[in-house]
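Visitor: structural data only, the sequence is not supplied:
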């Protein structure tokens, strides 16, 4: 009984300590972003790795989600004779929720895990210590550019995802099921407002980007320096970030006052 | 060197496409127009707004000219609606605001009908002539019980 309690206590304090270390780590990454040199080359490389290389995945997923939304909402809406609101329904669902959330989850799987594993294996092979011996701060040289890259990339990928989704649903609804293209587009345009919907989408994807950047780089940086440690850190990056994104999405949606 | 040049180009193209996507969502889909602060803001008080809600469209002759931005009760407990209209709109002081429904079961919107006076409404003023939402139940009741209140 005493053993269970003390293990529970250790688990809770361990969680709180881990949270504190993550936030501290985030603060030092943030500080290092304002230290010269800017590390432009590394940032460009990070944008290439997590952005350009995720592009095909994001566009294909966006279009597929659009196809499914188009089909499902068409059959639901046609029960009420409201097929013409397909554009409204698809646009709002994609812009407000599905775009930022699914982009966050996809980029977590595609780029977050890679970032974590990369930093983790650098640590396991003592490359981070090597940098320190050359008086180069690994947070400034390795972590900050990758974190910044993920944060920059996220809103851009999310916007592309939304546009491919809207296009996918247009293909299904208008070209395949014979809705009027004009009413699809005009329903979309009249229902979506900048402040409530588009700005919410951008803010969400930025916050998801910050979460992913922080968690994936910290897990890699703090992992146990061996093969098992790197694999655990990568798994826990994907799991923790996915849960955090879904939780943050709920909080942000309710804060926005829908 | 050349492989790093290709990568830079790819990143540049990616960022440009991403920003264009964001701009498209904001301006085309989201209806953001820059410098929109100086829009014409009017108020209208109704007896019954029916299903009118925030962000309901405002139309003149079917053309969208703005949105409902706020609905609250005034001192006499009548619903007072704030209308956010496009800034270059010129409305006479005898303009009428009516709550209409698009189609039988469609969304409700405010239809503005311009009047004939020379004087124009300026921001912050009230649209005096208003027509409340048609209540379908009352209408059916009136037909069933043979007229009564028009």
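Guide: Alright, I've got the coordinates. Since we're looking at a predicted model, the values are computed, not measured. Numbers count the residues shown, from 1 in each chain, chains lettered A, B, ... in the order given.
Visitor: show me what contacts the one residue in chain A that gets nearest to chain B?
Guide: With CB to the nearest CB as the measure, residue A:156 is the residue of chain A nearest to chain B, at 2.5 Å. C-beta here means a position set from N, CA and C on the backbone, and glycine is covered the same way. Applying CB atoms under 8 Å, 6 or more residues apart in numbering or on different chains, we find residue A:156 in contact with A:51, B:14-15, B:17-19, B:21-22.
Visitor: among the residues you listed, name the buried ones.
Guide: Neighbour counting with 16 or more other CB atoms under 10 Å in any protein chain shown marks A:51, B:14-15, B:17-18, B:21-22 as buried within the contacts of residue A:156.
Visitor: which single one of those residues is nearest to residue A:185?
Guide: Checking the buried ones among the contacts of residue A:156 against residue A:185 with CB to CB, the nearest one is residue B:21 at 16.6 Å.
Visitor: spatially central residue in the chain, please.
Guide: Chain wasn't specified; assuming chain A. Closest residue to the average C-alpha location of chain A: residue A:104 at 2.3 Å, with CA atoms, centre = their mean.
Visitor: ah, no, chain B please
Guide: Taking CA atoms, centre = their mean, chain B has its central residue at residue B:67, 1.8 Å away.
Visitor: how close does that one sit to residue B:101?
Guide: 17 Å (CB to CB, to the nearest Å).
Visitor: with residue A:120 instead?
Guide: From residue A:120 over to residue B:101 (counting by CB to CB), the distance is 60 Å.
Visitor: and for residue B:124?
Guide: 28 Å.
Visitor: quick one: which of those two has more around it?
Guide: More crowded of residue B:124 and residue B:101, by other CB atoms under 10 Å in any protein chain shown: residue B:101, with 16 against 9.
Visitor: that one touches residue B:110, doesn't it?
Guide: No - between residue B:101 and residue B:110 there is no contact, the gap being 11.1 Å when judged by CB atoms under 8 Å.
Visitor: residue 93 - how many residues pack around it?
Guide: Answering for chain A, as no chain was given. 17.
Visitor: can you look at chain B instead?
Guide: Neighbour tally, residue B:93, other CB under 10 Å: 16.
Visitor: so what's it closest to, chain neighbours aside?
Guide: Spatial nearest neighbour of residue B:93, excluding adjacent residues (CB to CB, 6 or more residues apart in numbering or on different chains): residue B:119 at 4.8 Å.
Visitor: would you mind confirming that that neighbour is in contact with residue B:92?
Guide: Yes - at 6.7 Å, residue B:119 and residue B:92 qualify as touching, with contact defined as CB under 8 Å.
Visitor: what is the mean pLDDT for stretch A:87-103?
Guide: Averaged over stretch A:87-103, pLDDT sits at 94.
Visitor: ignore what I typed, I meant stretch A:179-194.
Guide: Stretch A:179-194 carries an average pLDDT of 83.
Visitor: show me what counts as buried in it.
Guide: A:179, A:183-185, A:187-194.
Visitor: what of stretch B:72-89?
Guide: B:79-81, B:83-85, B:89.
Visitor: for the chain, what helix or strand is lowest in average pLDDT?
Guide: No chain was given, so I picked chain A. Ranked by mean pLDDT, DSSP states H and E, the weakest helix or strand in chain A is helix A:181-191, scoring a mean of 82.
Visitor: okay, now the unreliable bits of the chain?
Guide: You didn't say which chain, so I picked chain A. Counting by pLDDT under 70, chain A has low-confidence residues at A:258.
Visitor: wait, chain B
Guide: For chain B (pLDDT under 70), the answer is B:1-2, B:31-38, B:103-106, B:147-150.
Visitor: ok, the residue nearest to residue B:93 to residue B:42 distance?
Guide: For residue B:119, the distance to residue B:42 - CB to CB - is 14 Å.
Visitor: sounds good, over and out.
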